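Engineer: Need coordinates for the following:
(chains A, B, C and D, ligands or ions: 4)
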Amino acid sequence: MQQTHEPAGGPATAAQREAKQDPEELRDYYRQMMLIRVFEQRAAEMYTRAKIGGYCHLNLGEEATVVGLMAALHPTDYLFTSYREHGYALVRGAQPGRVMAELFGRAAGLSGGRGGSMHLYDTQLRLLGGYGIVGGQIAPATGAALALAYRGGPGPDREAVMCLLGDGATNIGAFHESLNLAAVWKLPILYVIVNNGLGMGTTVEAASGEPELFRRGCSYRIPGQRVDGNDVLAVRDAALDALERVRTEHQPMLLEAVSYRLRGHSVVDPARYRSDEETARLRTLDPVPAFRSRLIETGDMDEAAAAQIDAEAERIVADAVDFADRAPAPDPAALFDYVYATPVANAGRGRPGDPLFPADQPAANFAGAAQFGIGG
Amino acid sequence: MQQTHEPAGGPATAAQREAKQDPEELRDYYRQMMLIRVFEQRAAEMYTRAKIGGYCHLNLGEEATVVGLMAALHPTDYLFTSYREHGYALVRGAQPGRVMAELFGRAAGLSGGRGGSMHLYDTQLRLLGGYGIVGGQIAPATGAALALAYRGGPGPDREAVMCLLGDGATNIGAFHESLNLAAVWKLPILYVIVNNGLGMGTTVEAASGEPELFRRGCSYRIPGQRVDGNDVLAVRDAALDALERVRTEHQPMLLEAVSYRLRGHSVVDPARYRSDEETARLRTLDPVPAFRSRLIETGDMDEAAAAQIDAEAERIVADAVDFADRAPAPDPAALFDYVYATPVANAGRGRPGDPLFPADQPAANFAGAAQFGIGG
Amino acid sequence: MAMLSYRQALHDTLRAEMQRDEDVLLIGEEIGVFEGSYKITAGLLAEFGPRRVRDTPICEGGFVGTAIGAAMLGLRPVVELMTINFSLLAIDQIVNHAAKLRSMFGGQVSVPLVIRTPGGGGQQLAATHSQNLEVWYAHVPGLKVLAPATAADAKGMLTAAIRDDDPVILLENLALYNTKGEVPDGEHTVPIGTATVMKPGRDITLVSYSRAAVVAFDVAHRLEAQGISVEVIDLRSLRPLDRETVCASVRKTTRAVVFEDDWLSYGIGAEVAASIQEGAFDHLDAPVRRVAAAEVPLPYAKPLELAALPDATALIRVIRETLDATGFSYQEASSHA
Amino acid sequence: MAMLSYRQALHDTLRAEMQRDEDVLLIGEEIGVFEGSYKITAGLLAEFGPRRVRDTPICEGGFVGTAIGAAMLGLRPVVELMTINFSLLAIDQIVNHAAKLRSMFGGQVSVPLVIRTPGGGGQQLAATHSQNLEVWYAHVPGLKVLAPATAADAKGMLTAAIRDDDPVILLENLALYNTKGEVPDGEHTVPIGTATVMKPGRDITLVSYSRAAVVAFDVAHRLEAQGISVEVIDLRSLRPLDRETVCASVRKTTRAVVFEDDWLSYGIGAEVAASIQEGAFDHLDAPVRRVAAAEVPLPYAKPLELAALPDATALIRVIRETLDATGFSYQEASSHA
Ligand SMILES: Cc1ncc(C[n+]2csc(CCOP(=O)(O)OP(=O)(O)O)c2C)c(N)n1
Ligand SMILES: Cc1ncc(C[n+]2csc(CCOP(=O)(O)OP(=O)(O)O)c2C)c(N)n1
Ligand SMILES: [Mg+2]
Ligand SMILES: [Mg+2]
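Structural biologist: Numbering: from 1, shown residues only, chains lettered A, B, ... in the order given. Ligands and ions are numbered 1, 2, ... in the order given. So this is what the prediction gives:
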């Protein structure tokens, strides 16, 4: 399924391109999809075993979308995501151990253990964060594109920003305000709606006056396109085409990748609002086994190679869990690190219950205030 | 100029309907337009004479839009406006004296002198407020429509909500969130974009990725239509048609009325950003003299009648100014009235500098706290 | 009286008020089909249908503003904001509209709106999902801000809020939903604007609210055994603030400590301490100390989160420091007991 | 030194920093073609062009969030929010993102963003356009909040803010733009986190900031003539708050009054009074009194607006009441003089 909102000689279909597809590359996509699949399954397990706290949202069912999108991104591009971002970090190149360590809240985690599952960040990888406020990443991602445009014009090799958001996030004001700004300022950004059919329990139809979400660029003259999010090659190609316009024209673009969330909204959600039939139907659409058998059919991968990739994924994730489990937690003494980048006087560094002023030595306070006070 | 976003057998053109137009009604429209014109000119004068404080935004240039829209509204419908709303209050039936008194900050003013120019409200007239926060009225207006839908289904005689907003207001998140809610909940509301070409000094083209604002319903499948805001009959008819669908189908609708702001954004704005040529050109589009000569040409009004209407408007506004000038200011003793509808203990009623507790009689405080404390 | 969880008390109250008044409706994200992020509204969609239990798209500003407009026409919407952290997206509608329309329009309209929302950290939800921003709302005239600590007050204050004609923010707390307590059967309302003495005492006044009040109450009982008689005051109503009940207690005990979950600087405790030093100045034997959260965006990692949040240990330390600073004799105290 | 208006000082500083650093750009509504609602940015579009002076559509949340993202990539945006009242539409981005990203992402990023915005009432702009909500921002770790009262500090603090690598809220005030004062030529920065003694005195400490500080300074001089020596402290930096400078003064004068434009309950003065009673408890001879705004949405009508806002008359009354409460002898005082 592929529709174009603004017919502009859409991209070649996945089928067409698949022809000229390097088998090694295809196997690599499968390898990445399988890594996400296993990582997320183990993450769910670790959450139920209380190794992971807070909220934990998984990419299960979105593997083809994740891998396809990341395949289209240059290392020099910037990526902003929602809180459902483990897979993106992994495929973007983060060490699985450091990703798992972040989920475990360890100092070696991608964000030093301070962000957790929803807030993966890596400067080197230009992964500029997972964001827990729905739609929260859309404006900052737009601002990153502003910085790119501020520093240089369009061109085939120029940097671009990719901003991921969920179907539910298209209903929040930030979506409207950000896309409008990108349009009037001509910013190099590709907004990708990862449509997995649901908010938490709310369907796209119940939440959006225009449920064909790729059409929602209409209010800003931003071309929109929908692609099958279960087809890794279709996703990659649609993203490549969109990014090309983004780079060469500084024309913001909108892409919708449609897939299905295989589990609950987060690990703790039993998804009772979804019927067993529906759940069963979704399993049949599972992109990971589908791509596996597809490659075996086309002869790009044999059963043995597939089995090896599966085993390798298990091993990598097992190592990641070990690494995270052995990694030390952050030192409470470091509590106040990173609150400010530029140190200033009287910044509060007091622990709960500490006196505002060191007792019996008011005279000594002035110099020491920054160090001991609980000051604002 | 009249375009339909979703061709749905658009309304008869103004010309067509004008045929079956009662001359008395036409003269009445002129009477209302002239009243607004004179009222706003005097308001500007009163502002420069410091009789009016704060901000003062005028409807000069929007008279045809104001009168056309109000002609389409039933007395039982609800109206929400922006801060540029004097004319709507007048045509809706508010006493000019009470409107001017509000601008003067007098107790007899439409909002008791507490709201001022930007915040005209009248329960009887179902004018549910002018709002000073750009876009602030859009969600509450949508909620009023929710209350109507909550209490009854569609029907030709059912109540509807009309929500006015400026062109600049279409860029704020509230526009997106509110129209989406109206669409998914099927609410009886007509959103009217009063496009006067400018925010403060920002043009529609500079502010909106889709400058054909009536198209912006596309993101919610809300039909949109653009009408010439300088043509009172075209505005009325377009509003009548849109309101009919709103009433009978609970289908939210979007109407854009295009006119031009003849003066600065507010009385204090010299509008230097607009060239003299541009300003001169706009004067030629002035809807008030245009409608005057049009009615004289068509013979629906003769020069004498017109002159009489003009004189009458001057007299009414002069009386309004006198009324406002003589009306008493609110009593400072009433400062705390209306902060809360349901009285509760310890609500703060202290003046600046009053002690939190009446001095020297702590025992007496408890009972008196609500009365004397500055408590939260 | 029945032993109910704070969650159950809220749920039962919503249900009872919806049965009692056709104008009461629920608006919020995932409150219907999903039955609520914290299941307060479980079963209500099935019972009252989609007209009165309205799932919304994700648009806090939009649906809160919509609830305001519905309230202007006489409905009594009870909005659930999934957490107080998301209320920042609706705060313009809450503060610039709900709180002001009545005054600004000369008393011609009222906004009978209730916004229920949980705050609180300690769940490893990280910086953006763990805040206690109630002081922002408590600062705003035109709003009423309630923060029940017990299941009984949850019922009494939510009932009062729904029947009140003004916009009321009912602050809930993630850590309280599963706590249980005796809840009066039938009609039960708590007067808005009044604090309550949770536990009477002689030696020191401990002022708190919401989750922290539960900890304070527990600490007070532990110290009782050690010969320290602590009077615990649960503010309950942050706006209006019942200063007199607080100061009357301090005039008696001569000492006070505030225990709060929000950040120390400019937090709720600042107003409490400022009010006490004005209302009980001549009686106060030691400075009013505040035990509050460290001033950092709350980190996800458990050891950091624990280091940042106020707990019983810190509270007990500060109570003792305050008593010691005034030469309090534990013997003497216990002899009282 | 040059005699400049507060407005001119801000304008000149923006211009100088844009000339100095190519990464500094301005973002806001009507700052370019319209030259700014309050004309702070007049002429800058002509000088620097639309790349560096960016007019935005009306979408506070959108353009503040956009500025945050630009700052994450190393630009140094200076955003103008037309008034603090409209910042409510951007507060989610300011508090949930600008203030937290650095901590939440383990120090990998910083957000060198400045948000300039005027607050203040008294202009008959009515309830939604007349607020002083600085205490909300002052409560939030990760932000720095400055409130210059003089043209010199406007220059010094805006310069410091632009060169600081953290998000800074620079609170301006509608009533200050036309006030004039001596401004140092060339390089001039004020250290963030420090208060200043505007006027030394012996008998009582008067704590204030922004517009109110100017009134306080004037009142202090009038009382000097009457034999009352008032020490005036301008907080300037609301976060971090320089408690020690305030308390050191009170330890000397033994008396304190806070003068502020915001609402009394949970306002800036609450933290100041709470800090003083802890930091100068043994020296304080009378309760710290606060002179603040009446707790109402500010009405439009002039007589009501005047009745609600704190003024010199109320301040002088409270200063005298505080002195009288401590048996202050005016003779003795004047003999000092
Ligand atoms: C502003 C805001 N409102 C509500 C929430 C609670 N919430 C977290 S995820 C979610 C659903 C988002 O759905 P979607 O955008 O489709 O993303 P998905 O979870 O399906 O990936 C909601 C309502 C939030 N985090 N932020
Ligand atoms: C949220 C918000 N942002 C900014 C402003 C300042 N402001 C007042 S009117 C205005 C322009 C609005 O333009 P438009 O919507 O076209 O309405 P018009 O004034 O042309 O009638 C602006 C930016 C405001 N009042 N509220
Ligand atoms: Mg989704
Ligand atoms: Mg306009």
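Engineer: For ligand 3, what's its nearest residue on the stretch 151-300 of chain C.
Structural biologist: residue C:300 (22.9 Å; Cβ to the ion). To be clear about C-beta, it is placed using only N, CA and C from the backbone, and glycine gets the same treatment.
Engineer: And chain A, by the same measure?
Structural biologist: For chain A, Cβ to the ion, closest residue to ligand 3: residue A:166, 3.9 Å.
Engineer: coming back round to it: and the residue of the stretch 151-300 of chain C closest to ligand 3, what element?
Structural biologist: Using DSSP states H and E, residue C:300 maps to neither a helix nor a strand.
Engineer: Show the contacting residues for it.
Structural biologist: Going by Cβ atoms under 8 Å, 6 or more residues apart in numbering or on different chains, residue C:300 touches A:53, A:54, A:105, A:113, A:114, A:115, A:116, A:119, C:124, C:125, C:126, C:127.
Engineer: With residue C:131 instead?
Structural biologist: Contacts of residue C:131 by Cβ under 8 Å, 6+ apart are C:84, C:85, C:119, C:121, C:298.
Engineer: dump the residue contacts of the nearest residue to residue C:178 once chain neighbours are set aside.
Structural biologist: Nearest residue to residue C:178, sequence neighbours excluded (Cβ to Cβ, 6 or more residues apart in numbering or on different chains): residue C:5, at 5.7 Å. Residue C:5 makes contacts with C:151, C:177, C:178, C:179, C:180, as judged by Cβ under 8 Å, 6+ apart.
Engineer: With residue C:209 instead?
Structural biologist: Counting by Cβ under 8 Å, 6+ apart, residue C:209 has contacts C:147, C:149, C:234, C:235, C:236, C:238, C:260, C:268.
Engineer: What distance do you get for it to chain D?
Structural biologist: Separation of residue C:209 from chain D (Cβ to the nearest Cβ, to the nearest Å): 13 Å.
Engineer: which ones are touching residue 97?
Structural biologist: You didn't say which chain, so I picked chain A. Contacts of residue A:97 (Cβ under 8 Å, 6+ apart): A:108, A:319, A:320, A:322, A:323, A:324, A:327.
Engineer: Chain C was what I was after
Structural biologist: Applying Cβ under 8 Å, 6+ apart, the residues near residue C:97 are B:131, B:133, B:136, B:140, C:65, C:68, C:111, D:128.
Engineer: can you pull out the strands in the stretch 201-350 of chain A?
Structural biologist: A:224-228, A:253-258 (DSSP state E, counting those that start in this stretch).
Engineer: could those strands be laid out in JSON lines, adding distance to residue B:219 and mean pLDDT?
Structural biologist: Below are the strands of the stretch 201-350 of chain A laid out as JSON lines (distance: least, Cβ to Cβ, whole Å; pLDDT from 0 to 100):
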{"stretch": "strand A:224-228", "distance to residue B:219": "11", "mean pLDDT": "98"}
{"stretch": "strand A:253-258", "distance to residue B:219": "11", "mean pLDDT": "98"}
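Engineer: And those: which comes nearest residue C:39?
Structural biologist: Nearest to residue C:39, of all the strands of the stretch 201-350 of chain A, is strand A:253-258, at 30.0 Å by Cβ to Cβ.
Engineer: Does that closest one reach ligand 1?
Structural biologist: No. Using Cβ under 6 Å from any ligand atom, we find that strand A:253-258 stays clear of ligand 1, coming within 11.5 Å at best.
Engineer: and the residue nearest to residue A:292 when sequence neighbours are not counted, what is it in contact with?
Structural biologist: Closest residue to residue A:292 apart from its sequence neighbours, by Cβ to Cβ, 6+ apart: residue A:306 at 5.7 Å. With contact taken as Cβ under 8 Å, 6+ apart, residue A:306 is in contact with A:30, A:292, A:295, A:296.
Engineer: Residue B:202: which of those residues is nearest?
Structural biologist: Proximity of these to residue B:202 (Cβ to Cβ) peaks at residue A:30, which lies at 51.0 Å.
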